[in-house]
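Student: Next input, structure requested:
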Amino acid sequence: MTAEGENSEPLTTQRLRTYIEEFTHPYRIDGGKFEVGITITESDSRGILASGQFRRHIRPLRRILSYRSPVKRKKGTIELLPVGYDEETQTLTTGSIQYPEDMGIEEAKCVLDDYFGEFPFSPMGTASQRLSE
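Tutor: Residues are numbered from 1 along each chain as shown. The predicted model follows:
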């Protein structure tokens, strides 16, 4: 099992302990005291990773995105991925990077040109020139 990311390293018990906090809010009830925002124990992490029931319920995951990316659907439409899990693309979108979704093409070209402005695109032109083609 791997955690998608820059390196797709194996998901070890130690990595799961903190990785799980990106998508859930672990808690513990101890003697009537309710603690939120805890890190699960290594023993719990080991049990989760070894659990056949846990593995059977994991949905396939090809990528994790922090922004809503455009996607071409099988039916031919283009739309932004929803925040959360998208079954068709097997993508989990956290939505932690937000941008105006009603941005026009000219404004989008300016944003891309500004972002990639110092990158040497000499044979292909600027980002907005490539979008115009």
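
Student: what sits against residue 94?
Tutor: Residues counted as contacts of residue 94 (CB atoms under 8 Å, 6 or more residues apart in numbering) are 22, 64-66, 83. Heads up, the C-betas are built off the backbone N, CA and C, glycines and all.

Student: Report the separation between it and residue 113.
Tutor: Going from residue 94 to residue 113 by CB to CB, to the nearest Å gives 27 Å.

Student: Same question for residue 38.
Tutor: Per CB to CB, residue 38 is found 46 Å from residue 113.

Student: now do residue 45
Tutor: Distance from residue 45 to residue 113, by CB to CB: 45 Å.

Student: who has more neighbours, the two?
Tutor: Taking neighbours as other CB atoms under 10 Å, residue 45 and residue 113 compare with residue 45 leading, 21 against 15.

Student: isn't that one right up against residue 14?
Tutor: Yes: using CB atoms under 8 Å, residue 45 is in contact with residue 14, at 7.4 Å.

Student: Surely residue 74 is in a strand?
Tutor: No: going by DSSP: H, G, I helix; E, B strand; the rest coil, the assignment for residue 74 is coil, not a strand.

Student: Do I have it right that it meets residue 88?
Tutor: Yes: using CB under 8 Å, residue 74 makes contact with residue 88 at a distance of 6.6 Å.

Student: Tell me which of these two has more neighbours.
Tutor: Legend: neighbour count by other CB under 10 Å for residue 74 and residue 88, higher for residue 88 (10 against 7).

Student: Lowest mean pLDDT among the helices and strands of this structure, which one is it?
Tutor: Within the chain, no helix or strand scores below helix 127-132, which has a mean of 56 by mean pLDDT, DSSP states H and E.

Student: before we move on, back to that, nearest to residue 105, of the contacts of residue 94?
Tutor: Closest approach to residue 105 among the contacts of residue 94 (CB to CB): residue 65, at 21.6 Å.
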